[in-house]
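S.K.: Need a 3D model of the sequence below.
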Amino acid sequence: MVFYNIMITSSVLIQHISTSKKDVICRFRTGSGKSLTYLMPAILHAYTILVISPLCSLITNQVTQINNNVCKKKLAFNLSSSKSAEEENLDEKEVVDTTVSEENRPRILFCTPEKLGTSAFRAKLVKMHKETTFSYFVLDECHLIIKSGNSFRSDYMKVDWFQDELKDVPILCYSATCNNFVTHQIKTLLHMNDPVVFENDNSKKNLFLSIHSVSKHNQICKCGSKNCTWHSKSDITNETILKAVNYYEGREVLVL
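M.R.: All right, here's what the predicted structure looks like:
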């Protein structure tokens, strides 16, 4: 049932991205296929998009997977700061090359926030937009704008540049850990115009936490359970631990 609900929500989101020009905040759980929802419209409808992703290694992996396993042709490009100047210039020329057929023109562009933070690259994006027209921008792991932008990755705080130079292009924000506070902060920082929020149930109903704590001063467990036998000299063979493991037999149990 959970998988079915995720698929339904993802289908609605893909349809929305394909037909709407509104900003989006997507709060899907980890492993629910967030990237698929912004990649599918670009591949199916020949959209040109820019994805801002936090890790160069992740970008490299995504570009390889898209070109080799999904499209079977070079539609995804790595424009991040990890590339050499020669590779970067070659890729950007390919992106704006109007002699390339519409079908084979590069569609999915990736960069890091540090790359986006440079004025030269932003100028190139404006030029690309005039040549190819971006359908939407994607901010992957958007919670980092708030959590890292105010500390060691200040370039995250420059992503509101979109609203000044390319405000006609929708912004799609994606995160599995974007709570209500972060969502509100992102809406404000990016000046988002009444974004549509998509989310699925992110609660981990299959996880259970049992805490038993002892110390040099409190040698008897203070968990509150009258049947608990855990004490300062207990180990993995303790009766309480064995009961817990047996209770969840057939499922994974982590004992720290």
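
S.K.: Show me what the longest strand along the chain is packed against.
M.R.: As assigned by DSSP state E, the longest strand anywhere in the chain is strand 134-140. Secondary-structure packing of strand 134-140 (3 or more C-beta pairs under 8 Å, 6 or more residues apart in numbering; DSSP states H and E): helix 34-45, strand 48-52, strand 171-174. C-beta: built from backbone N, CA, C; applies to glycine.

S.K.: what's the offset of stretch 216-233 from the middle of its chain?
M.R.: From the chain centre to the centre of stretch 216-233 is a distance of 42 Å (C-alpha atoms, centre = their mean, to the nearest Å).

S.K.: how about it as PDB, C-alpha atoms only?
M.R.: Taking Å, rounded to 0.1, in the frame of the first residue of the first chain, the C-alpha atoms of stretch 216-233 are listed here in PDB:
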ATOM      1  CA  LYS A 216      28.800   4.200  37.000                       C
ATOM      2  CA  HIS A 217      26.500   6.100  39.400                       C
ATOM      3  CA  ASN A 218      23.200   4.500  38.200                       C
ATOM      4  CA  GLN A 219      24.000   0.800  37.800                       C
ATOM      5  CA  ILE A 220      20.300  -0.200  37.400                       C
ATOM      6  CA  CYS A 221      18.500   0.700  34.100                       C
ATOM      7  CA  LYS A 222      16.300   3.700  34.400                       C
ATOM      8  CA  CYS A 223      14.000   2.900  31.400                       C
ATOM      9  CA  GLY A 224      11.000   2.500  33.600                       C
ATOM     10  CA  SER A 225      10.000  -1.000  32.600                       C
ATOM     11  CA  LYS A 226       9.400  -3.200  35.700                       C
ATOM     12  CA  ASN A 227      10.600  -6.300  33.800                       C
ATOM     13  CA  CYS A 228      13.900  -4.800  32.700                       C
ATOM     14  CA  THR A 229      17.000  -6.600  34.000                       C
ATOM     15  CA  TRP A 230      19.700  -4.500  32.300                       C
ATOM     16  CA  HIS A 231      22.500  -3.400  34.600                       C
ATOM     17  CA  SER A 232      26.000  -2.000  34.400                       C
ATOM     18  CA  LYS A 233      27.600  -5.400  33.900                       C
END
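
S.K.: in it, what counts as buried?
M.R.: By neighbour count with 16 or more other C-beta atoms under 10 Å, stretch 216-233 contains the buried residues 221, 228, 230.

S.K.: repeat for stretch 9-18
M.R.: Of all the residues in stretch 9-18, those buried under the rule 16+ other C-beta under 10 Å are 9-10, 13-14, 16-17.

S.K.: Tell me which of the residues you listed fall in helices.
M.R.: Counting by DSSP state H, the buried residues of stretch 9-18 place 9-10, 13-14, 16-17 in helices.

S.K.: per-residue confidence at residue 118?
M.R.: The model reports residue 118 with a pLDDT of 87.

S.K.: Kindly report the same for residue 106.
M.R.: pLDDT, residue 106: 67.

S.K.: now swap in residue 96 and tell me
M.R.: We have a pLDDT of 56 for residue 96.

S.K.: can you give me the strands in the stretch 151-256 of the chain?
M.R.: Under the criterion DSSP state E, counting those that start in this stretch, the stretch 151-256 of the chain contains strands at 171-174, 196-199.
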